[in-house]
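Q: sequence plus the predicted model coming up.
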Amino acid sequence: MAAKPKLHYPNGRGRMESVRWVLAAAGVEFDEEFLETKEQLQKLQDGNHLLFQQVPMVEIDGMKLVQTRSILHYIAEKHHLFGKDLKERTLIDMYVEGTLDLLELIIMHPFLKPDDQQKEVNLTLIVKKAKTRYFPAFEKILNDHGEDFLVGNKFSWADIQLLEAILMVEELDASVLSHFPLLKAFKARISNIPTIKKFLQPGSPRKPPADSHYVEVVRGILQF
Ligand code: IBG
């Protein structure tokens with residue numbers, strides 16, 4: 001039996017959370033080595049385990065993969081979550097890039113300096129962008145083709161990323177889907193897929209929103 005993938009990252013969401021989501025949705029169990037100190041990161045860097053001296057890094061199938069998107073691509077392709085032809089893969093790619101742009105704003109938010117006047121503004125802006133840019137686009141896609149999944153009438157990586165984004169934005173504004181009935185139904189449907197249902201339950205490897213302790217740990221590791 002192949003070894004479980006091993007994820008190297010701090011014990012929080014950051015850029016690794018989407019990797020956890022896609023592995024979990026594919027029904028793949030994984031191990032995690034949590035980075036807690038700058039010395040641990042330094043050790044990985046000194047040992048030439050990180051191509052660009054950065055995490056996320058995932059040990060999988062005899063490789064040490066870095067670059068979040070490349071890691072996600074590999075897992076999605078391997079587990080048949082990446083469409084049946086070039087057109088489907090390009091749509092999935094586009095939809096994923098859109099959701100990753102939105103997720104990036106949320107991921108960066110806790111790392112703004114506490115005295116940053118922009119902090120509240122940014123939070124409001126994130127929700128506004130979700131409501132006016134990203135969610136209308138996905139609502140329209142679902143409305144136009146009338147299917148259950150975003151691409152090819154089949155569960156894909158795009159569905160996983162969109163659910164991750166919806167749940168993260170809902171943590172900022174619980175009523176954010178009130179004007180998006182199809183996204184509401186989509187959320188219920190995708191959340192009910194057995195592997196995802198399991199990932200959404202307490203005790204799964206899913207990480208909570210960043211708290212002040214996590215922010216402090218990451219600042220200590222990355223020295224910023
Ligand atoms: N393009 C790379 C990817 O997508 O994987 C970027 C990776 C990256 O920025 N890694 C950071 C790192 O290893 C950690 S994630 N830095 C060490 C270095 O020496 O460059 C940092 C991050 C967090 C939360 I945590 C939000 C945004 C970024």
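A: Thanks, I have the structure now.
Q: output the lowest mean pLDDT helix or strand found in this structure.
A: Ranking every helix and strand in the chain by mean pLDDT, DSSP states H and E puts helix 118-129 at the bottom, with a mean of 84.
Q: which positions in this protein make contact with the ligand?
A: Contact residues, the chain versus the ligand (CB under 6 Å from any ligand atom): 14-15, 53-56, 67-68, 107-108, 111, 218, 222. Any C-beta I mention is one placed from the backbone N, CA and C, and that applies to glycine too.
Q: what subset of those residues is buried?
A: Using 16 or more other CB atoms under 10 Å as the burial test, the residues of the chain next to the ligand include 14, 15, 55, 56, 68, 107, 218 as buried.
Q: in JSON lines: those residues, plus secondary structure, pLDDT and distance to residue 193.
A: Formatted as JSON lines, those follow (DSSP: H, G, I helix; E, B strand; the rest coil; pLDDT from 0 to 100; distance: CB to CB, whole Å):
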{"residue": "14", "secondary structure": "helix", "pLDDT": "96", "distance to residue 193": "24"}
{"residue": "15", "secondary structure": "helix", "pLDDT": "97", "distance to residue 193": "24"}
{"residue": "55", "secondary structure": "coil", "pLDDT": "97", "distance to residue 193": "28"}
{"residue": "56", "secondary structure": "coil", "pLDDT": "98", "distance to residue 193": "24"}
{"residue": "68", "secondary structure": "helix", "pLDDT": "98", "distance to residue 193": "23"}
{"residue": "107", "secondary structure": "helix", "pLDDT": "92", "distance to residue 193": "24"}
{"residue": "218", "secondary structure": "helix", "pLDDT": "94", "distance to residue 193": "31"}
